[in-house]
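# sequence and predicted structure below; questions after.
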Amino acid sequence: MAKGRKVAGVRGGAARASATSGGWGIVGIGAVLAVIVAALLASVLWAGDDKVTTPFPGAEVKALPQFTNKTHVDKYLWGSYRPHTYFGLRTRTPQSLLTGMMWVSPSGHQLRHFCDAGDGLQRYGWNKHDGSSFGSQLIEDGPNSISTSFVKQPGGNSGGDWAARLAFKQQLPPAAPQQKQEPRPVVLFLYVANEGPEKLKISNDGFLVSGKTEALGKYQLHFRPHQKAMKVSYAGLKAEAIERLHDAVLGSVDRADLSLSNSQQPKANLAVLELVFQPPFVVDIVFESLSGSDAPTRHAQLSAQGIGDLLKKHTEAFDKRFESTFALKAKGYSEEKVDFAQSAFSNMIGGMGYFYGHSLVRDVRKPRPPPGAKKIPPLPYFDAPLYTAVPSRPFFPRGFMWDEGFHQLLIHQWEPEITREVLAHWLDLMNQFGWIPREQILGPEAKSKVPAEFVVQPSDNANPPTWFLVVEDMLDHLSADPDPRTVEFLRGAYERFEAWFRWFDTQRGNAPLSYRWRGRQNKTRGVANPLTLTSGLDDYPRATHPDQKEYHVDLRCWMAVSSSVLSRMATAIGKPSKHFTQLANELSDNAHLDELHWSDSSQSYCDFGRHKIKGKKPGHQLVDNAFGYVSLMPFLTRILDPASPKLGQILQDMANTTLLWTDYGLRSLATTSPFYQLKNTENDPPYWRGAVWININFLALRALDHYDSIDGPFQASAAKLHKDLRSAIISNLFKEWQRTGFVWEQYDDKTGEGKGTRPFTGWSALVVAIMADKY
């Protein structure tokens with residue numbers, strides 16, 4: 001989790017300095033050949049211009065027939081691809097027609113539009129969402145309960161039609177005896193905006209908006225209230241900045257009577273309808289594509305009754321499919337726990353977004369200017385679309401590289417074609433060197449949610465290559481179900497996956513077969529431990545004095561997994577795999593892993609680097625006073641031999657309540673570490689220094705399930721830990737969802753209470769896979 005995404009142990013203590021030097025031993029000739037081959041291929045790949053902003057020269061993966069055929073394009077054209085809004089629909093096109101809603105808060109002091117924790121809503125999020133054609137959401141804002149649902153209807157030549165239903169109810173506090181209590185009026189703004197050059201045509205009463213765009217052809221959009229509103233007004237506005245629709249609406253409201261102008265500005269690209277009403281109140285928004293000879297028949301089916309029937313049909317279909325996919329009722333879960341799982345899953349898949357634009361990057365090969373000199377402006381990356389899940393709708397409504405691997409481990413169980421296309425979009429963001437910016441902030445709306453200091457992406461920064469876990473899942477499914485679309489994807493994506501791996505292979509350490517995260521924070525004064533944002537574990541303790549001699553056990557383990565998966569991928573599509581097989585075997589060699597990273601004094605796997613232990617000067621040694629998630633990586637990535645005594649030690653330490661075990665899941669850092677719950681600076685609270693994170697707990701359960709399935713001396717221990725850990729995670733996340741209404745970014749290791757951002761139905765939604773026991 002990148003530190004920019006925040007708003008905002010020592011096994012035995014410090015006296016146990018490592019007695020292990022981190023010796024390297026003898027490395028197989030394959031590793032030497034790997035470096036030579038990688039260098040030769042890189043020199044060929046990098047021939048030509050030397051710009052970090054030049055796209056990868058290979059064919060785009062998203063241009064594969066499975067993604068460009070009309071059936072697929074129409075199926076996914078419209079969707080709830082604006083995750084940063086409480087409710088909004090758009091198309092998967094660079095310039096889209098946007099629809100959404102805003103409403104005045106119960107206090108009358110705020111206009112709700114973008115998801116914001118500061119709004120203090122009791123609950124919001126998708127309860128059911130199938131990722132393509134249907135979704136229903138509940139928003140609780142003070143006394144107001146708002147249900148937002150949408151359903152799509154195929155037909156015509158431009159993505160079909162759709163309808164959205166917004167239903168408002170109100171639950172007021174009990175009134176005094178003999179006092180009649182009337183519902184409080186609600187002020188609602190519904191809008192349509194066009195990112196493209198075409199203007200909107202608005203009817204004289206504001207209830208009909210029509211127009212024509214290149215992607216949609218001719219269309220009509222109707223606002224259809226079921227009841228008569230207390231007041232109605234409308235306006236057609238020329239919005240200069242699409243990311244400031246909120247301000248455009250506020251600026252157009254007459255402060256005297258809180259109404260719109262009932263007029264249309266020339267070249268209007270924003271149509272707004274204001275409805276003031278007393279709940280209960282229902283309004284439908286109906287989009288009609290005018291293409292296709294069957295248009296009149298289709299449109300007739302989107303009456304008020306027809307929309308209700310469609311929503312009921314899709315609700316029943318979703319429930320049936322959810323049970324077929326995850327079998328939670330069959331496993332004995334209560335209705336409320338199934339509702340919880342549906343909510344967590346739906347808010348992940350319903351929170352997927354479509355973005356278009358370019359990143360801003362810094363070429364790290366160019367020297368920084370001296371202090372006082374003019375700053376070198378960032379470079380604009382190439383324009384591209386991105387279809388991706390997001391970690392959190394209010395805080396992080398954009399794409400994050402390593403998060404996406406965890407997201408797709410769940411989504412792939414539901415709809416493999418979504419996963420394939422998401423990975424295709426991400427891979428097509430690759431530059432000619434095989435690098436992909438780890439955080440994607442594309443388009444003005446996405447940029448408006450990110451502090452300026454976190455926008456620019458350094459060209460040597462990455463994130464853990466978790467996408468290879470998804471490809472591994474694809475390959476596992478392929479052996480049972482040889483889907484030709486998966487084979488097509490693997491063939492089309494292989495060149496880019498190979499280039500991506502080779503870029504990661506440039507992150508080598510000084511020791512043979514070691515790896516070092518680039519981009520560590522250089523600052524050592526005033527910080528408890530320099531950050532390593534690129535590792536995804538941000539403030540997790542590493543060597544206190546970063547230098548080029550350090551190397552990191554987690555990155556080596558990620559590379560072992562990646563080379564192994566790439567070898568399987570090559571074999572599956574008939575490509576040479578010998579090099580990757582040999583490298584995977586060397587990186588998975590337990591003896592060499594131990595020589596580099598095992599500390600005899602702390603009996604744990606550790607990073608190596610220039611590290612300061614309290615009372616001693618910094619020196620190059622194993623970082624063995626920071627036992628936690630990083631120490632588990634050889635286990636988490638399943639590269640430990642099932643008979644290894646090191647595995648037994650890890651399982652024993654995982655179950656130790658002084659170290660990692662809690663009643664709520666595995667904490668990220670042992671309580672015995674001097675860094676446990678330690679602020680990094682006065683204003684930078686601990687992040688990965690004790691809290692329970694669901695993505696790593698998922699990997700732990702996945703590994704325990706693996707070792708439980710293999711004969712070995714620790715099989716029974718793995719089975720018991722799996723049972724207990726799974727129960728602890730499910731119980732706590734459900735309890736907190738009941739208590740707070742949300743799934744959270746992390747959980748307190750002492751109380752189990754949700755912490756950080758919420759709702760966080762990125763990787764925390766993996767609780768659904770944990771409930772289903774599907775890893």
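Okay, I see it.
# can you tell me the SS state at residue 94?
coil (DSSP: H, G, I helix; E, B strand; the rest coil).
# burial measure for it, as a count.
16 (other C-beta atoms under 10 Å). (Each C-beta comes from the backbone N, C-alpha and C, glycine too.)
# quick check: the gap between it and residue 442.
According to C-beta to C-beta, to the nearest Å, residue 94 stands 10 Å off from residue 442.
# can you list residues touching both of those two?
356, 385 (C-beta atoms under 8 Å, 6 or more residues apart in numbering).
# ok, and what's touching stretch 182-189?
Residues contacting stretch 182-189 (C-beta under 8 Å, 6+ apart): 101-104, 106, 111, 143-144, 166, 168, 170, 172, 230, 249, 258, 272-279, 281, 283.
# and those residues, which of them are in strands?
Counted as lying in strands by DSSP state E, out of these, are 101-104, 111, 144, 166, 168, 170, 272-277, 281, 283.
# for residue 522, give me the pLDDT.
Looking at residue 522, its pLDDT is 87.
# list the contacts for it?
530, 546.
# wasn't it part of a helix?
No - read with three-state DSSP, residue 522 is coil and lies in no helix.
# related to what we said a few turns ago, and the ones in strands among the contacts of stretch 182-189, which are buried?
101-104, 111, 144, 166, 168, 170, 272-277, 281, 283 (16 or more other C-beta atoms under 10 Å).
# state the helix or strand in which the closest residue to residue 398 other than its chain neighbours lies.
In space, and not counting its chain neighbours, residue 398 is closest to residue 446: 4.8 Å by C-beta to C-beta, 6 or more residues apart in numbering. Element membership of residue 446 [criterion: DSSP states H and E] is helix 444-447.
# got it, and residue 705?
helix 694-708.
# following element in sequence after that helix, please.
Sequence-wise, the next helix or strand downstream of helix 694-708 (DSSP H and E) is helix 715-740.
# what lies in contact with the helix or strand following that following helix?
Toward the C-terminal end, the helix or strand that comes next after helix 715-740 (DSSP H and E) is strand 746-747. With contact meaning C-beta under 8 Å, 6+ apart, strand 746-747 is reached by 664-665, 687, 691-694, 732-733, 736, 753-756.
# just the buried subset of those residues, please.
The buried subset of the contacts of strand 746-747 - by 16+ other C-beta under 10 Å - is 664-665, 687, 691-694, 732-733, 736, 754-756.
# now flag whichever of those is closest to residue 301.
Of all the buried ones among the contacts of strand 746-747, residue 301 sits closest to residue 733, with 39.8 Å by C-beta to C-beta.
# ok, that closest one - contacts?
By C-beta under 8 Å, 6+ apart, the residues touching residue 733 are 340, 344, 694, 743, 747, 764, 767.
# ok, of the residues you listed, which come out buried?
340, 344, 694, 743, 747, 764, 767.
# now for the strand or helix carrying the last one, which elements pack on it?
Per DSSP H and E, residue 767 falls inside helix 767-772. In terms of contacts (3 or more C-beta pairs under 8 Å, 6 or more residues apart in numbering; DSSP states H and E), helix 767-772 is packed against helix 304-326, helix 335-350, helix 401-414, helix 694-708, helix 715-740.
# the second one vs helix 401-414, what angle?
In terms of direction (axes from the mean of the first three to the mean of the last three C-alpha atoms, to 10 degrees), helix 335-350 departs from helix 401-414 by 120 degrees.
# helix 335-350: which residues count as buried?
So for helix 335-350, counting by 16+ other C-beta under 10 Å, buried means 337-338, 340-350.
# and the very next helix or strand once past that helix, what does it pack against?
Of the helices and strands lying after helix 335-350 in sequence (DSSP H and E), the nearest is strand 353-357. Contact analysis of strand 353-357 by 3+ C-beta pairs under 8 Å, 6+ apart lists strand 384-388, helix 444-447 as its packing neighbours.
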